[in-house]
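Asks: just the structure for this:
(chains A and B)
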Amino acid sequence: MGSSGQARFIRLGETSRARIALTVDGETIEALEGDSLLVAILTARGRLRRSEFGPEARSGFCLMAACQDCWVWTADGHRLRACDTPARAGLSLVTEQPELSWPNRA
Amino acid sequence: MAEPRIIIVGAGPAGIRAAGMLVAAGLRPVLLDEGQRDGGQIYRRQPEGFTRTPEQLYGTEAARAVALHQSFERLKPQIDYRPRHLAWNVADGVVHTISEGKPGQFAYDVLIIAAGATDRLLPVKGWQHAGVYSLGGAQIALKAQACAIGRKVVFLGTGPLLQLVALQYHKAGAQVVALLDTSPFLKQVLALPKLAARPAMLVKGLRLVGGLMASGMAIHRGVTPVEIHGEAEAGVTGVSVRLASGEIRRFDCDAVGLGYHLRPEAQLADLARCAFTFDAKTRQFWPEIDADGRSSVAGVYLAGDGVRTQGADGAEISGALAACAVLADLGRPVPEAERAALREQGRIMERFREGIAEAYPWPAHLAADLPDDAILCRCEGITVGELREAATEKGADEVNRAKALTRVGMGRCQGRYCGHAGAEIVAAATGVPLEAVGRLRGQAPVKPLPVAAGEVQP
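Replies: Below is the predicted model:
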């Protein structure tokens, strides 16, 4: 999985759902129908994105649409909240803001 | 008068019961909810295609969850239900929403806000690392998606949710390394008289503790969090706490569920100009309400965990009571006997809520004692020391002033997860009482909006 590390989330059940494929930073990942984008990504990799303000990787925090830590972007720049956006087959996502607007001071 | 325009915000237990009571009185409220499906957080429904039973999902509360979902299905044709609608502002009698990028406006005569709660957080050094989740988040991963937040999980904090989620993880087959509770066991013993206000719930609580003891996971009470260890890329690698014995112990793990009970999502009440009051016991501000949920603003009613953390059963009662208050204030017939019973149940819920707050107290001293180099605002990486300096060197002894100087409370989460701790830090650093340090004022939008939202025609 390269720099994105091994999967962070562990599936404990509900694994007989249909498989779907989506693309994250150009890499194809397999997810299950009914996954949130956050779960789709974190069952394949170790992080969602990088902090704009520090050196650390980020992987979401509240999972209830309150903290906004889980933003990812579609290839054409639309921001999505990964925790409450369903994963759909064929989605292409990037985990860095397409027009990053300020320097990371870390 | 014409049919009153009634808006309910939130389709959890409080909002659904409020809607049910109004429909029974012949009214047709609009129910705005940010979620994809009804149920709120506690009775959150799993997506289509998932097959776990209600017992697996909701445990001892399965029957209540199913009852609520079923009553919602019956209500649905009789209300104007708007899922995936974020209510982001309330101003001049209008609720402003956004749904899939499209803005909307809902003018109201009556507004019932049942916006629910989020985890009450207290930072610990290293909490910015990937793999640290709020307790509620850890529970949602399991309940809504059948996932554990990691291979080896530590649960840290306090409150009823801490124990519940730890046991739910264990039962679902996750490896729970440790349950680390900042509350000493004695506090729970001393709270028993108030907890006994709800004997059945107390028994459930004792069974929960029994289940935890039998699980074999390490359980420590009265701990002091020291640090969440981690690496920039790999995320969490462990948690260190000082045990009640004084020994510092490290637990290796790759995920942490962190939380200190719940805090009301009161921003919309704030924007509706409801008066707030300081609760010295839980050390937080919350909106003023009367026994039936009337706010200080005519026509605005507050219910559920978004105003008082009574839990799901209390939320159902307060939602129904708020609807009774609406009916009374509209001059419509009120189901008197039912209202009297609800009020009595409400008093029991309130006594139990106080018991829980005493059993699992907010450990204010832990916030005041955080080291300068700990990150306080995890949105923007602002340290405890930066806030302390603003408070002591720049005279920012009020949280909104400190926010302007440091941006603590201005990041993506808008102070939801750092605000209470930040207030404690300012109070401790300046010697100003917490009550006088104040609270972060609610700001619209209560959550970030897509940049293009204003450009789309509804």
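Asks: excluding chain neighbours, what is closest to B:Asp397?
Replies: Ranked by CB to CB, 6 or more residues apart in numbering or on different chains and with sequence neighbours excluded, the top spatial neighbour of B:Asp397 is B:Thr430, at 4.3 Å. Just so you know, the C-beta spots here come from the backbone N, C-alpha and C atoms, and that holds for glycine as well.
Asks: contacts only, for the nearest residue in space to B:Lys403 that is not next to it in sequence.
Replies: With sequence-adjacent residues excluded and distances taken as CB to CB, 6+ apart, B:Lys403 is closest to B:Gly409, at 4.2 Å. Contacts for B:Gly409 (CB atoms under 8 Å, 6 or more residues apart in numbering or on different chains) come out as B:Cys377, B:Val399, B:Asn400, B:Ala402, B:Lys403, B:Gly415, B:Cys418, B:Gly419, B:Gly422, B:Leu440.
Asks: and the residues you listed, which are buried?
Replies: B:Cys377, B:Val399, B:Ala402, B:Lys403, B:Gly415, B:Cys418, B:Gly419, B:Gly422, B:Leu440 (16 or more other CB atoms under 10 Å in any protein chain shown).
Asks: next one: the residue nearest to B:Asp397 from chain A, what distance?
Replies: From B:Thr430 across to chain A, the span is 26 Å (CB to the nearest CB, to the nearest Å).
Asks: can you check B:Val132 too?
Replies: B:Val132 is 7 Å from chain A, by CB to the nearest CB.
Asks: so, in contact with chain A or not, stretch B:147-156?
Replies: Yes. Counting by CB under 8 Å from any CB of the partner chain, contacts between stretch B:147-156 and chain A involve B:Cys147, B:Ala148, B:Ile149, B:Gly150, B:Arg151.
Asks: chain center to that stretch: distance?
Replies: Centroid displacement of stretch B:147-156 relative to its chain, using CA atoms, centre = their mean, to the nearest Å, is 20 Å.
Asks: can you show me the CA trace of it as CSV?
Replies: The C-alpha coordinates for stretch B:147-156 follow below in CSV (Å, rounded to 0.1, in the frame of the first residue of the first chain):
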residue,chain,number,x,y,z
CYS,B,147,-15.9,-2.3,11.7
ALA,B,148,-13.5,-1.8,14.6
ILE,B,149,-11.4,1.3,14.6
GLY,B,150,-8.2,-0.8,14.9
ARG,B,151,-6.6,-4.1,15.6
LYS,B,152,-5.8,-3.3,19.2
VAL,B,153,-8.1,-0.8,20.8
VAL,B,154,-7.8,1.2,24.1
PHE,B,155,-10.9,3.1,25.4
LEU,B,156,-10.0,6.1,27.5
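Asks: dump stretch B:428-446 to PDB, restricted to CA.
Replies: What follows is stretch B:428-446, C-alpha atoms only, in PDB (Å, rounded to 0.1, in the frame of the first residue of the first chain):
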ATOM      1  CA  ALA B 428      -7.100  28.000  35.500                       C
ATOM      2  CA  ALA B 429      -4.400  30.200  33.900                       C
ATOM      3  CA  THR B 430      -6.100  33.500  34.800                       C
ATOM      4  CA  GLY B 431      -7.800  32.600  38.000                       C
ATOM      5  CA  VAL B 432     -11.100  33.700  36.500                       C
ATOM      6  CA  PRO B 433     -14.000  31.400  37.400                       C
ATOM      7  CA  LEU B 434     -15.100  29.200  34.500                       C
ATOM      8  CA  GLU B 435     -18.600  30.800  34.600                       C
ATOM      9  CA  ALA B 436     -17.000  34.200  33.900                       C
ATOM     10  CA  VAL B 437     -14.600  32.800  31.200                       C
ATOM     11  CA  GLY B 438     -17.800  32.200  29.200                       C
ATOM     12  CA  ARG B 439     -18.700  30.000  26.300                       C
ATOM     13  CA  LEU B 440     -17.900  30.000  22.600                       C
ATOM     14  CA  ARG B 441     -20.800  31.700  20.900                       C
ATOM     15  CA  GLY B 442     -22.600  29.700  18.200                       C
ATOM     16  CA  GLN B 443     -21.800  31.000  14.800                       C
ATOM     17  CA  ALA B 444     -23.500  30.400  11.400                       C
ATOM     18  CA  PRO B 445     -22.900  28.300   9.600                       C
ATOM     19  CA  VAL B 446     -22.900  25.700  12.400                       C
END
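Asks: remind me which residues of chain A are low pLDDT?
Replies: Counting by pLDDT under 70, chain A has low-confidence residues at A:1-4, A:99-106.
Asks: strands of chain A, start to end?
Replies: Secondary structure of chain A (DSSP state E): strands at A:10-11, A:19-24, A:27-32, A:49-50, A:57-58, A:71-74, A:79-81, A:92-94.
Asks: which helices and strands does the fourth one pack with?
Replies: Secondary-structure packing of strand A:49-50 (3 or more CB pairs under 8 Å, 6 or more residues apart in numbering or on different chains; DSSP states H and E): strand A:57-58.
Asks: is the strand it packs on in proximity to chain B?
Replies: Yes. Judged by CB under 8 Å from any CB, strand A:57-58 comes into contact with chain B at A:Ala57, A:Arg58.
Asks: who does that strand touch, helix- and strand-wise?
Replies: strand A:49-50.
Asks: so what touches the strand it packs on?
Replies: A:Glu56, A:Ala57, A:Arg58, A:Cys70, A:Trp71, A:Val72, A:Thr95, A:Glu96.
Asks: which among those end up buried?
Replies: With burial judged by 16+ other CB under 10 Å, the buried subset of these is A:Glu56, A:Ala57, A:Arg58, A:Cys70, A:Trp71, A:Val72, A:Thr95.
Asks: can you list those residues in JSON lines and add distance to A:Ala82?
Replies: Listed next are the buried ones among the contacts of strand A:49-50 as JSON lines, based on distance: CB to CB, whole Å:
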{"residue": "A:Glu56", "distance to A:Ala82": "17"}
{"residue": "A:Ala57", "distance to A:Ala82": "14"}
{"residue": "A:Arg58", "distance to A:Ala82": "11"}
{"residue": "A:Cys70", "distance to A:Ala82": "4"}
{"residue": "A:Trp71", "distance to A:Ala82": "7"}
{"residue": "A:Val72", "distance to A:Ala82": "5"}
{"residue": "A:Thr95", "distance to A:Ala82": "9"}
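Asks: state the pair within these that is farthest apart.
Replies: Across those, the longest distance by CB to CB is 16.6 Å; it joins A:Glu56 and A:Val72.
Asks: identify the residues contacting residue 63.
Replies: Reading this off chain A. A:Leu63 makes contacts with A:Leu38, A:Cys70, A:Cys83, B:Tyr133, B:Ser134, B:Gly136, B:Gly137, B:Ala138, B:Ile140, B:Ala141, B:Ala144, as judged by CB under 8 Å, 6+ apart.
Asks: oops, I was thinking of chain B
Replies: So B:Ala63 contacts B:Pro54 (CB under 8 Å, 6+ apart).
Asks: cool, thanks, talk later.
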